[in-house]
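1. This is the structure alone, sequence omitted:
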């Protein structure tokens, strides 16, 4: 009886982590922009010709890192949550739309216009500004802040985006005047999802 119990205990301990939801890659960061559809298929009526791998992707050529204007596809915490996230425009500095909300002393506002496209199978609910973080060349990191700017409307703070729909808006970030922003990150589920998209600035 003791032998059977020991064997059963060993079997349980040897079960793969997938049983406990450990199949996801933790803290994965993607800098790969979504490929344009035109580059994925051969022209109509033409057969795709085999190409040497060395000719298609030169060994010395590094993969392209996402920049402003590029789209990164990300998955959320729940099944069916998937977004195409596009950093449409970058504004530095960003000007307040009124005299009541302004940057703190020694700080400035920067802003990014983001488009979210729900490519998943379920409604995505979130506060997108909580998903954004900026980093400067010194490694300092900054979260979003509230602020109306002259460039256009803010991204909604209470997004409920059905599958197939899009949302567009500006997210404002307060940084020190001397900081040079180097990258932007977007992580679904208010920053708690496993996947993070990263875009280079400049």
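-> Cool, got the structure. Keep in mind that what you see is a predicted model, and the values were worked out from it rather than measured.
2. And the strands in the protein?
-> 28-30, 71-75, 82-91, 107-118, 124-126, 132-136, 141-145, 159-161, 166-176, 181-187, 195-200 (DSSP state E).
3. buried set for the longest one?
-> The one in question is strand 107-118. Residues 108, 109, 110, 111, 112, 113, 114, 115, 116, 117, 118 are the ones in strand 107-118 that count as buried (16 or more other CB atoms under 10 Å). In short, each C-beta sits where N, CA and C put it, glycine included.
4. same deal with the third one?
-> In terms of neighbour count (16+ other CB under 10 Å), strand 82-91 has its buried residues at 82, 83, 84, 85, 86, 87, 90, 91.
5. How about the contacts made by residue 70?
-> Residues near residue 70 by CB atoms under 8 Å, 6 or more residues apart in numbering: 33, 34, 86, 87, 199.
6. mind showing which ranges of the chain have poor pLDDT?
-> Under the criterion pLDDT under 70, the flagged ranges of the chain are 1-27, 36-63.
7. re the thing from before, redo the contacts of residue 70 as TSV? Include distance to residue 151.
-> Putting the contacts of residue 70 into TSV (distance: CB to CB, whole Å) gives the following:
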residue	distance to residue 151
33	23
34	25
86	16
87	14
199	18
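8. wait, which of these is closest to residue 142?
-> Nearest to residue 142 among these is residue 199, at 14.7 Å by CB to CB.
9. List the beta-bridge partners for the closest residue to residue 197 other than its chain neighbours.
-> If the residues on either side of it in the chain are set aside, residue 197 comes closest to residue 72, at 3.6 Å by CB to CB, 6 or more residues apart in numbering. Per DSSP bridges, the residues bridged to residue 72 are residue 85.
10. Could you measure from residue 72 over to residue 155?
-> Distance, residue 72 to residue 155, by CB to CB, to the nearest Å: 17 Å.
11. And residue 172, by the same measure?
-> If you go by CB to CB, the gap between residue 172 and residue 155 works out to 9 Å.
12. tell me, what's touching those two both at once?
-> residue 129.
13. how near is residue 111 to residue 146?
-> 12 Å.
14. can you list residues touching both of these two?
-> residue 172.
15. Give the full set of residues in contact with residue 180.
-> So residue 180 contacts 136, 137 (CB under 8 Å, 6+ apart).
16. give me that answer again for 10 Å
-> Counting by CB atoms under 10 Å, 6 or more residues apart in numbering, residue 180 touches 92, 136, 137, 138, 201, 202.
17. Please apply the same query to residue 106.
-> So residue 106 contacts 176, 177, 178 (CB under 10 Å, 6+ apart).
18. For my notes, please list these in CSV and give neighbour count and distance to residue 100 for each entry.
-> Output for those, formatted as CSV (neighbours: other CB atoms under 10 Å; distance: CB to CB, whole Å):
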residue, neighbour count, distance to residue 100
176, 15, 22
177, 10, 21
178, 9, 25
